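Asker: Sequence first, then the predicted structure, then my questions.
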There are 2 protein chains.
Amino acid sequence: MHGAEFIQDLAVIMLIAGFVTVAFNYFKQPVVLGYILAGVIIGPHTPPFELIQDDRTIKIVSELGVVFLMFSLGLEFNLKKLSSVGVTAFIAATAEIVLMTWIGYRIGLYFEWNTMDSLFLGAMLAISSTTIIVKALDELGLKNERFAHLIFGILIVEDIMAIGMIALLSGIAMNGSVDAGDVFVTVGKLSLFMIVALILGLLMVPRILAFVAKFKNTEVFLITVLGLCFGFCLLVLQLEYSIALGAFMIGAIMAEARQLHLIERLIAPIRDMFSAMFFVGVGLLFNPDVLVTYALPIAVITAAVVLGKIFACGVGTFVAGNNGKTSLRVGMGLSQIGEFSFIIASLGLTLQVTSEFLYPIVVAVSAVTTLLTPYLIKLADPLSQQAATVMPPFISRAGNRYIVWLQSAQLQGDRALLAKIIMKIVIQVIANCALTAAVFVAAIYLLGIVEQLIGTSFEDEKIHKTVVWGGALACSLPFLIATYRKLKALSLLLAEIITGETSHLPHGWRRVIAETIPLVSIAVILLLIGILSRSILPPFEMLALLLAAAAVLTAALWRPLVRFHTRLQIALFETLDEKAEDETK
Amino acid sequence: MHGAEFIQDLAVIMLIAGFVTVAFNYFKQPVVLGYILAGVIIGPHTPPFELIQDDRTIKIVSELGVVFLMFSLGLEFNLKKLSSVGVTAFIAATAEIVLMTWIGYRIGLYFEWNTMDSLFLGAMLAISSTTIIVKALDELGLKNERFAHLIFGILIVEDIMAIGMIALLSGIAMNGSVDAGDVFVTVGKLSLFMIVALILGLLMVPRILAFVAKFKNTEVFLITVLGLCFGFCLLVLQLEYSIALGAFMIGAIMAEARQLHLIERLIAPIRDMFSAMFFVGVGLLFNPDVLVTYALPIAVITAAVVLGKIFACGVGTFVAGNNGKTSLRVGMGLSQIGEFSFIIASLGLTLQVTSEFLYPIVVAVSAVTTLLTPYLIKLADPLSQQAATVMPPFISRAGNRYIVWLQSAQLQGDRALLAKIIMKIVIQVIANCALTAAVFVAAIYLLGIVEQLIGTSFEDEKIHKTVVWGGALACSLPFLIATYRKLKALSLLLAEIITGETSHLPHGWRRVIAETIPLVSIAVILLLIGILSRSILPPFEMLALLLAAAAVLTAALWRPLVRFHTRLQIALFETLDEKAEDETK
């Protein structure tokens, strides 16, 4: 590939993208469709001539488009925002993803496509398009309505689940089959990685950015942001996760930095440039012949996307306790597919597990559903009024009764507070366990490198293992102690509840419960660590020695270790509580 | 080249660039040097390992860096700014470029390098670095001093001359030799292209941007800007000029748009990203071994750059009428080389006319001179005071007398006004002639396409030529008429001056001069057109017929044609007079 050719291809893309975009904006149609059409025009499937000399150019640039799209989505993601929309978003998103994946899979099988094609089709239909929805709501002036906030919440949850789905699909594609055990291991590994990366990232990245921001040099700041973004993507690629996951996560981490608004302002033009190329790239892969050959599947899938999503999201929103009108509006707003479907379709092609025809079908479905989105949103209001008059009275009465029941069933007062406290402790225990596990995984990795570098005899190996495993145990002591303390607090709380409710139990039980649970849990955790780190476990006598040393160390350094952990925890919460500053410059 | 590899290479570059940049900024060293060092670190010439899998990646991305660097330089370029710094900038820049090219060429020959290497070395030493100087002056807080404004003016003139130089070097490199005729033809063609592109660009581009800006959609606006930028680069590449020329020119055209500030804000992050990669790419090509092997040439060239530029720019500034202190400050500010030298060095490598060792030498010289720049600027003040005390009195007296003489020699009052008017008319005549020539060049090009598409017999050819040539003549009538009218105004003015000064001439002469000059000029212009368009000239009888028809048309449509041209001219001046608006959004 020659440099000049690359520039020429890029120039053709940008020129036509610019032209089509202006035309689409003039006629008030979604710009994204303009890009895709531009791609179809210059693509290899449409006469009169092929304007792109090297398809690979576009694929490479598309990849950058994914990075910046996902990074921007991550920047808009926000842990606090997520917790505020909470239950509704989670229920609706789960309902949508499960139902749509199943529908997509069934449709694929119905048309006698192979299992992998059907599975990928299901995944492609699962996630709605943030890009399209945000633009449509913006243009209709509905961005601040309650249903819009619910939609954004659902999109955020979907984004996270999509990330998990991409990781799962990669795993399944490589193993060639769906195995419950594999799924469990994949999800477990992914969760471990995400928790640890989030904690370490939140501790480090905002501090690095605050340090660099002090130079008051926008260029240096931008290059730092890009360096951190790509550096993290590199790490994620090394761990064989997708680059989309990496870009999204580092975006979500940077969303907690004080300089969020500056980052968004600097990244926006770069994202717009590369996402334009990404969507043009989508158009390039589109073969219009498919429209004719696969007319029936396209029609079926389009109908399934619109109706399935209205149903799944609408019912999910209603079940979570919203009224019928809001639920319908949410469902109709989410009834399209977009960028994530393209990313998943590309993934299938890259891993060479899906057929060529799937991509253009998804592009066609996305184009139709995107065009429908603004009309569906506008249609939601009259339709819900219509539905209210047509619906048999017993249904609406049942609905109202459900909502009343739901409100009465919710925990209130002291109990709600208690549930919240228990939730918080459980999250902290999980986080500390994840960090402990991460220390040992890192130790395994480290020992691998050491042995590769200096070679090893049998005797050496024993010493190495003892040193490395012992070191890992020492490093994870603060997290183990924190886990123990949190578990103890939790046990006391539980003992209080149990002994309070069932007063016929002897008072001594309370003590027993409060002491036993944490000790048993720690023993289980240590056992799990042993299984996890079995490849670097030192011989038995060494192990016993190490554990004894650790016990002595724990007793001797209890206070400093607790203090160290508390300091880390405070730093993390500070980062999460900090608000992004307005740009004063 | 695989997509993932590309992303990995890019990630490594961004990660290391980010790290080194922060370090350089922390220690208050130029960021550009940081990028270059990052490139050297990850480059193939430095152990322990090669971090980049595919050198071509970087070359491609570097190319994009050149586009955005030159586009940004163009945005900062401003026709009005140029005319305000005027004479000083022109004299100093010319002195610097001529002297430095000659010095570089002589140094090359002295070290027994071949002619092409020596010539490119000269070109590389000719242009100072806008990037480095602007940053250095900014950091020293001297940006608003008078000498800083002179420096900026000189840099602007240098940029234009550099553009010409790049075109010339490409021509010379392809022909393999330096021929006065070739130079003349190359410069002529280039001037024609630049004038026509500027006029058409200024008429069209700001209007397109104003239209798109009405959508109030930043993404669409950015994509339009990029589309226009790359589209123009594509055109320039088709005409076999360098992409640097295209990016600079379209930038200069957009600098006249009302939305200039928005464009600058949107392009800045993209430029920063790609220019970082450009400078990292420069570092990649740097082989540290060269530092040892070519220690002597590097030392000699560094000394030549510093001393030669201080001398050339200082004397040039002084000759243009500035005092000794200002001249020394200007000279010392400009004494380094930078991005243009790298672009020219790349050009030589791409055209395969220069030796490999030239690139690292230039990088080394640039690094040293860049590091010296802030110290030299700080040194200028004490040095000029020192010089004033040490200098023999007759020299400073001669200097003062020169400045007094210069001020007395300048045109003042009516004469200055007259000179200005004449200058303006001459520029307008040149612009109209250029447009006329462009119409015929386009006609030649058009006929070529027509004949390629539909084939041609001998008889057909005559008809085609007649139609196309006649069409071209018709299209150029407004410009020819405008030329005639401007020339007539000029002749009247000249006749006034001549008859006013030499009263012994009979009064009739005035009439004769005023009538003859424009007619003769138009005849000469028509003759030149004939020569220019000789390949599409119709047979004689047809030609006579066409000319007669044109004469009739001119007589009949004189007023509408004049009105049409006036409207174009007003539109152009409106664009040039318009100020960039503040960003209200």
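Answerer: Yep, it's here. These figures come from a predicted structure and were not determined experimentally. Residues are numbered from 1 along each chain as shown, chains lettered A, B, ... in the order given.

Asker: Tell me if stretch A:572-584 is near chain B.
Answerer: No - Stretch A:572-584 lies apart from chain B when judged by C-beta under 8 Å from any C-beta of the partner chain; the minimum separation is 11.9 Å. To be clear about C-beta, it is placed using only N, CA and C from the backbone, and glycine gets the same treatment.

Asker: Can you give me the buried ones in that stretch?
Answerer: Neighbour-count burial for stretch A:572-584, counted by 16 or more other C-beta atoms under 10 Å in any protein chain shown, picks out A:572, A:575, A:580.

Asker: repeat for stretch A:487-498
Answerer: For stretch A:487-498, by 16+ other C-beta under 10 Å, it's A:487, A:488, A:489, A:490, A:491, A:492, A:495.

Asker: now, which of those residues lie within strands?
Answerer: Applying DSSP state E to those, no entry is found in strands.

Asker: So the residue nearest to the spatial centre of chain A: helix, strand or coil?
Answerer: The residue lying closest to the centre of chain A (C-alpha atoms, centre = their mean) is residue A:160, at 2.1 Å. Under the three-state scheme (DSSP: H, G, I helix; E, B strand; the rest coil), residue A:160 adopts helix.

Asker: and it, how far is that from residue A:199?
Answerer: Using C-beta to C-beta, to the nearest Å, residue A:160 is found at 16 Å from residue A:199.

Asker: got any ranges where the stretch 51-200 of chain A has weak pLDDT?
Answerer: The model of the stretch 51-200 of chain A has pLDDT under 70 over residues A:51-57, A:79-85, A:176-179, A:182.

Asker: Domains of chain A: list them as residue ranges, please.
Answerer: The record's domain split for chain A, according to automatic domain parsing, is A:51-381, A:413-577.

Asker: Please report the number of neighbouring residues for the closest residue to chain B within the stretch 401-550 of chain A.
Answerer: Chain B sits closest to residue A:453 of the stretch 401-550 of chain A, with a gap of 12.4 Å, by C-beta to the nearest C-beta. Neighbour count for residue A:453, taken as other C-beta atoms under 10 Å in any protein chain shown: 8.

Asker: The helix or strand hosting it packs against which elements?
Answerer: Following DSSP states H and E, one finds residue A:453 within helix A:413-454. Helices and strands touching helix A:413-454, by 3 or more C-beta pairs under 8 Å, 6 or more residues apart in numbering or on different chains; DSSP states H and E, are helix A:180-213, helix A:458-501, helix A:508-532.

Asker: Now do the second one, average pLDDT.
Answerer: The reference is to helix A:458-501. On average, the pLDDT along helix A:458-501 is 82.

Asker: picking that back up, need the helices and strands packed on helix A:413-454 in TSV (columns: distance to chain B).
Answerer: Shown next, in TSV, are those (distance: least, C-beta to the nearest C-beta, whole Å):
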stretch	distance to chain B
helix A:180-213	6
helix A:458-501	23
helix A:508-532	29
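
Asker: got CSV for the ones you listed, with distance to residue B:296 too?
Answerer: Listed next are the helices and strands packed on helix A:413-454 as CSV, based on distance: least, C-beta to C-beta, whole Å:
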stretch, distance to residue B:296
helix A:180-213, 40
helix A:458-501, 52
helix A:508-532, 62
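
Asker: Could you pull up the residues touching the nearest residue to residue A:231 once chain neighbours are set aside?
Answerer: Leaving aside its chain neighbours, residue A:231 sits nearest to residue B:15 (3.9 Å; criterion: C-beta to C-beta, 6 or more residues apart in numbering or on different chains). Contact partners of residue B:15, counting by C-beta atoms under 8 Å, 6 or more residues apart in numbering or on different chains, are A:227, A:228, A:230, A:231, A:234.

Asker: what about the last one, neighbour count?
Answerer: Read that as residue A:234. Around residue A:234 there are 18 residues (other C-beta under 10 Å).

Asker: wait, it sits on residue B:11?
Answerer: Yes - judged on C-beta atoms under 8 Å, residue A:234 makes contact with residue B:11 at a distance of 4.2 Å.

Asker: Residue A:261 reaches residue A:580, doesn't it?
Answerer: Yes - look at residue A:261 against residue A:580 with C-beta under 8 Å: they come within range, at 5.5 Å.

Asker: quick revisit: tell me the one of the buried residues of stretch A:572-584 nearest chain B?
Answerer: residue A:580 (18.1 Å).

Asker: ok, now which ones touch that closest one?
Answerer: Neighbours of residue A:580 in contact, by C-beta under 8 Å, 6+ apart: A:257, A:258, A:259, A:260, A:261.

Asker: run the last query once more with 7 Å
Answerer: Shown in contact with residue A:580 (C-beta atoms under 7 Å, 6 or more residues apart in numbering or on different chains): A:258, A:260, A:261.

Asker: Return the closest of the residues you listed with respect to residue A:323.
Answerer: Checking the contacts of residue A:580 against residue A:323 with C-beta to C-beta, the nearest one is residue A:260 at 33.9 Å.

Asker: Taking the stretch 151-300 of chain A, what residue is nearest to chain B?
Answerer: Closest point on the stretch 151-300 of chain A to chain B, by C-beta to the nearest C-beta, is residue A:227, at 2.1 Å.

Asker: Touching, that residue and residue B:13? I think so.
Answerer: No - using C-beta atoms under 7 Å, residue A:227 is not in contact with residue B:13; the gap is 9.0 Å.

Asker: Those two: who's more crowded?
Answerer: Legend: neighbour count by other C-beta under 10 Å for residue A:227 and residue B:13, higher for residue B:13 (28 against 25).

Asker: before we move on, which element is the more buried one in?
Answerer: Element membership for residue B:13 (DSSP H and E) is helix B:3-26.

Asker: how big is the angle separating that helix from helix A:180-213?
Answerer: If you take axes from the mean of the first three to the mean of the last three C-alpha atoms, to 10 degrees, helix B:3-26 sits at 30 degrees to helix A:180-213.

Asker: Check which element follows helix B:3-26 along the chain.
Answerer: helix B:31-42.

Asker: So that following helix, near chain A or not?
Answerer: Yes - for a cut-off given as C-beta under 7 Å from any C-beta of the partner chain, helix B:31-42 has contacts with chain A, namely residue B:31.

Asker: how about that helix: buried residues?
Answerer: So, applying 16+ other C-beta under 10 Å, buried residues of helix B:31-42: B:31, B:32, B:33, B:34, B:35, B:36, B:37, B:38, B:39, B:40, B:42.

Asker: how distant is that helix from the center of its chain?
Answerer: 28 Å (C-alpha atoms, centre = their mean, to the nearest Å).

Asker: now the angle from that helix to helix B:3-26?
Answerer: Interaxial angle of helix B:31-42 relative to helix B:3-26 (the same axes, to 10 degrees): 130 degrees.

Asker: so what secondary structure elements neighbour whichever helix or strand comes after helix B:31-42?
Answerer: Per DSSP H and E, the first helix or strand lying C-terminal to helix B:31-42 is helix B:55-76. Applying 3 or more C-beta pairs under 7 Å, 6 or more residues apart in numbering or on different chains; DSSP states H and E, one finds that helix B:55-76 contacts helix A:3-26, helix B:3-26, helix B:243-254, helix B:260-284.
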